[in-house]
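> Test case, fold it:
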Amino acid sequence: MLVAAAVCPCPPLLVPDVAAGAAPELDAARVACADALGVLAAARPDRLVVVGPAGESGRGPHPEGSRGSFRGFGVDLDVRLGGTGAGTGTGTAEASPDPVGPTLPPSLAVAAWLLGRTDRSGVPVEGLGVGESLAAEHCLRAGERIAARAGRVALLVMGDGSACRTLKAPGYLDERAEGFDAAVARALAAADVPALKALDTELAHELKASGRAPWQVLAGAARGADLNGTLLYEDAPYGVGYLVATWS
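Now for the predicted structure:
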């Protein structure tokens, strides 16, 4: 059963080493993400599942210990989703001269970096990469299966809103983008499962909103859980909607 969820954006720029001189621009988002992960830890889950958008090669399950890398963004930094061995059992980030073949899609690599800054007290963690075009009904069923995995399940849901909020945004300016992001923000703030289920798949695609599928996985997992929502952060610093929320 789902007992808590955290929703975070997934731009690699969240990682200060990637953002470099622009890192302070997302300081508030990083603080909000840390607060959201604190809510997950406080829920004392039996299992933590990280869900994020993924390209074809990154779709599907990613077990604990899976590695990712920010080398493609010009940074000699590898990450590990949870893992075992000499570490504390949390996600880790490490600079290494030896390339490690990444298996995590960028969204889950960002999640691994976030988890590496948080004490999750040894809770088992696994990842799931979902295609941005995955039909809503498949997302909902995936969420239901995740919620049934353990008695107390927590979700870390990675994904961005529209990428069309300004003229300089990746998708250029689309007048529908602000309204789409506002609707998602209201749904996340209210833990409104029906509203997330009803998100328009085609509109989300047109607005380049990578979070639509992961948010609908959350909707499936939260059916009947009777959780309360809190919106911690909402902004579009690069013309892309970034949202941080908690359900508990």
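> per-residue confidence at the residue nearest the centre of the chain?
Nearest residue to the geometric centre of the chain (C-alpha atoms, centre = their mean): Met158, 1.0 Å. Model confidence at Met158, given as pLDDT, is 98.
> Next up, the contacts around it.
8-10, 50-53, 107-108, 110-111, 211, 214 (C-beta atoms under 8 Å, 6 or more residues apart in numbering). Every C-beta, even on glycine, is put in place using the N, C-alpha and C of the backbone.
> what does Val240 give?
Counted by C-beta under 8 Å, 6+ apart, Val240 has contacts Pro9, Pro11, Asp160, Gly161, Ser162, Ala163, Arg165, Ala169, Pro170.
> Same check on Thr103?
Gly58, His62, Ser66, Arg67, Gly68.
> Present those residues as JSON lines; the columns should include neighbour count, pLDDT and secondary structure.
Putting those into JSON lines (neighbours: other C-beta atoms under 10 Å; pLDDT from 0 to 100; DSSP: H, G, I helix; E, B strand; the rest coil) gives the following:
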{"residue": "Gly58", "neighbour count": "22", "pLDDT": "92", "secondary structure": "helix"}
{"residue": "His62", "neighbour count": "25", "pLDDT": "97", "secondary structure": "strand"}
{"residue": "Ser66", "neighbour count": "21", "pLDDT": "96", "secondary structure": "coil"}
{"residue": "Arg67", "neighbour count": "19", "pLDDT": "96", "secondary structure": "strand"}
{"residue": "Gly68", "neighbour count": "30", "pLDDT": "96", "secondary structure": "strand"}
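> from those, which two are the most distant?
Using C-beta to C-beta, these span at most 12.2 Å, a distance reached by Gly58 and Arg67.
> Need the residues that contact the longest helix seen in the chain.
Of all segments of type helix in the chain, defined using DSSP state H, the longest is helix 27-42. Residues from elsewhere that reach helix 27-42, judged by C-beta under 8 Å, 6+ apart: 4-9, 14, 16, 48, 114-115, 117-121, 154, 156, 232-233, 235, 242, 244-246, 248.
> For my notes, confirm Leu13 occurs in a strand.
No. Per DSSP: H, G, I helix; E, B strand; the rest coil, Leu13 lies outside any strand segment and is helix.
> thinking again about what came up before, can you say which of the contacts of Val240 are buried?
Buried residues within the contacts of Val240, counting neighbours by 16 or more other C-beta atoms under 10 Å: Pro9, Pro11, Asp160, Gly161, Ser162, Ala163, Arg165, Ala169.
> tell me the contacts of the second one?
Applying C-beta under 8 Å, 6+ apart to Pro11 gives the contacts Leu26, Val110, Asp160, Tyr238, Val240, Tyr242.
> Return the subset of those residues lying in strands.
Judged by DSSP state E, strands contain the following of those: Tyr242.
> And the furthest pair within the contacts of Pro11?
For these, the farthest-apart pair by C-beta to C-beta is Val110 and Tyr238; their separation is 14.9 Å.
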